[in-house]
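Trainee: Generate coordinates for the sequence data below:
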Amino acid sequence: MSNHSFGYLGNKSWSQITREERFFCSHLYYSILNKGKEFINWLNDNLKNNNNNLKLNPDKEWEIGYEVCFYRDYIKAMDSSIKQYNKDKEKDYPQKRTFDLCLFSEDQIIIIEAKVQQGFSTKQINEIQKDKILVKQLLSEFNYDNVKSETILLYSSGYSPKEDQIIEYPYFTWKQIHNSNFELENCFEGADGKFRK
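Mentor: Predicted coordinates for the structure are as follows:
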């Protein structure tokens with residue numbers, strides 16, 4: 001975390017005050033950028049699976065994406081020669097929906113949805129469940145039926161979600177990533193301690 005402190009922030013730095021997921025996800029993004037194989041191995045060793053035996057292949061090429069507006073950008077990128085597609089199909093996909101982080105390989109898309117100060121609401125879990133259907137549907141429309149999509153949750157170790165709400169999702173905590181080799185400036189310990197603050 002920043003060594004700066006300002007009187008008007010209660011003699012703290014902004015990084016000590018913020019509760020914004022995007023702030024901490026940006027730090028995680030830069031922590032694992034160009035360390036795809038290491039991070040995939042770490043996930044395989046540290047994911048708590050909640051009845052989901054997700055295993056990722058570290059030998060594949062992986063790319064990390066931050067604040068991924070998947071539906072909007074994928075349609076625009078893939079649709080350059082099919083002008084009618086946007087008009088007819090774009091409305092079927094939530095154009096503003098943004099994933100905190102994404103891991104991309106040749107045959108998998110791993111969405112990481114993060115929380116810091118709060119837990120996951122029923123509405124958010126419903127959106128995550130819908131994403132699994134919509135991502136598969138959109139990829140199928142462009143003949144990429146072999147690509148699988150999974151979601152991993154990231155949240156505070158102080159959060160105890162309702163098991164029936166998230167039981168199908170593998171997850172890890174900010175505390176776990178704080179205790180890893182991916183820590184930057186003690187940032188993730190701060191994220192873990194923000195729950196309900």
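
Trainee: Asn44: neighbouring residues, count only.
Mentor: For Asn44, the count of nearby residues is 13 (other C-beta atoms under 10 Å). Yep, even glycine has a C-beta here, placed from its N, CA and C like the rest.

Trainee: so where do the helices sit in this structure?
Mentor: 14-17, 21-32, 36-46, 70-78, 83-89, 122-141, 163-166, 174-178, 187-192 (DSSP state H).

Trainee: for those helices, which one sits closest to Leu154?
Mentor: Closest to Leu154 of the helices of the chain, according to C-beta to C-beta: helix 174-178, at 6.9 Å.

Trainee: list the helices and strands the closest one packs on?
Mentor: helix 21-32, strand 148-155, helix 187-192 (3 or more C-beta pairs under 8 Å, 6 or more residues apart in numbering; DSSP states H and E).

Trainee: will you turn these into JSON lines that also has mean pLDDT, mean neighbour count and distance to Glu38?
Mentor: Formatted as JSON lines, those follow (pLDDT from 0 to 100; neighbours: other C-beta atoms under 10 Å; distance: least, C-beta to C-beta, whole Å):
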{"stretch": "helix 21-32", "mean pLDDT": "89", "mean neighbour count": "19", "distance to Glu38": "8"}
{"stretch": "strand 148-155", "mean pLDDT": "93", "mean neighbour count": "21", "distance to Glu38": "16"}
{"stretch": "helix 187-192", "mean pLDDT": "86", "mean neighbour count": "22", "distance to Glu38": "16"}
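
Trainee: Put together JSON lines for those, with distance to Leu139 on each row.
Mentor: JSON lines is the format used below for these (distance: least, C-beta to C-beta, whole Å):
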{"stretch": "helix 21-32", "distance to Leu139": "23"}
{"stretch": "strand 148-155", "distance to Leu139": "8"}
{"stretch": "helix 187-192", "distance to Leu139": "31"}
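
Trainee: can you list the weak-confidence ranges in the chain?
Mentor: The chain contains residues with pLDDT under 70 at 1-3, 9, 17-19, 50-52, 80-90, 162-167, 184-185.

Trainee: Just want the most central residue of it.
Mentor: Geometric centre of the chain, nearest residue: Ile112, 2.1 Å, by C-alpha atoms, centre = their mean.

Trainee: so who does that residue touch?
Mentor: Residues in contact with Ile112 (C-beta atoms under 8 Å, 6 or more residues apart in numbering) are Cys25, Phe99, Asp100, Leu101, Cys102, Leu103, Thr151, Ile152, Leu153, Leu154.

Trainee: Export those residues as CSV, with columns for distance to Trp42.
Mentor: CSV is the format used below for these (distance: C-beta to C-beta, whole Å):
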residue, distance to Trp42
Cys25, 16
Phe99, 20
Asp100, 17
Leu101, 14
Cys102, 17
Leu103, 12
Thr151, 18
Ile152, 12
Leu153, 16
Leu154, 13
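
Trainee: No more questions from me, cheers.
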